[in-house]
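Visitor: 3D, please:
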Amino acid sequence: MLLNKLKEIEIAIDGNENSNLEQIQTASILKHLLLQIDYKSEHISDLPLERTLELLIHLKGEALSLEEETMVRALFVNM
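Guide: Numbering: from 1, shown residues only. Next up is the predicted model:
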């Protein structure tokens, strides 16, 4: 579910002339992190926002940037 929503954001970024490189990089980083999850053993769609943020921080090995966290929060709003 999150990957689908992220794909929608990527498409919107690509189609927006006002998109900047930072938005594209942020979406790419989040996609990379989400692809590391074993969706057969993790039920990430059932996780609340805060737990999902913790999981992404763990996968990244450091805090999410403000842009990354904002994009993740946007994914949850649009779910």
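Visitor: residues near the residue nearest to Leu49 when sequence neighbours are not counted, how many?
Guide: Of all residues not flanking Leu49 in the chain, Phe76 sits nearest, at 4.8 Å (CB to CB, 6 or more residues apart in numbering). No exception for glycine: its C-beta is placed from N, CA and C like everyone else's. Counted by other CB atoms under 10 Å, the residues lying close to Phe76 total 15.
Visitor: what is the mean pLDDT for the helix or strand hosting Phe76?
Guide: Element membership for Phe76 (DSSP states H and E) is helix 66-77. Helix 66-77 carries an average pLDDT of 91.
Visitor: pull the helix or strand with minimum mean pLDDT from the protein.
Guide: When each helix and strand of the chain is scored by mean pLDDT, DSSP states H and E, helix 2-15 comes last, with a mean of 81.
Visitor: mind listing what's buried along it?
Guide: 2-3, 5-6, 9-10, 13 (16 or more other CB atoms under 10 Å).
Visitor: same question, stretch 52-67
Guide: Within stretch 52-67, judged by 16+ other CB under 10 Å, the buried ones are 52-53, 55-56, 60, 64.
Visitor: check those residues and tell me the two furthest apart.
Guide: The span of the buried residues of stretch 52-67, defined through CB to CB, is set by Thr52 and Lys60 at 12.5 Å.
Visitor: sec struct for the most far-flung residue of the chain relative to its centre, please.
Guide: No residue in the chain has its C-alpha farther from the mean C-alpha position than Glu17, which lies at 21.3 Å (CA atoms, centre = their mean). Three-state call for Glu17 (DSSP: H, G, I helix; E, B strand; the rest coil): coil.
Visitor: noted, bye for now.
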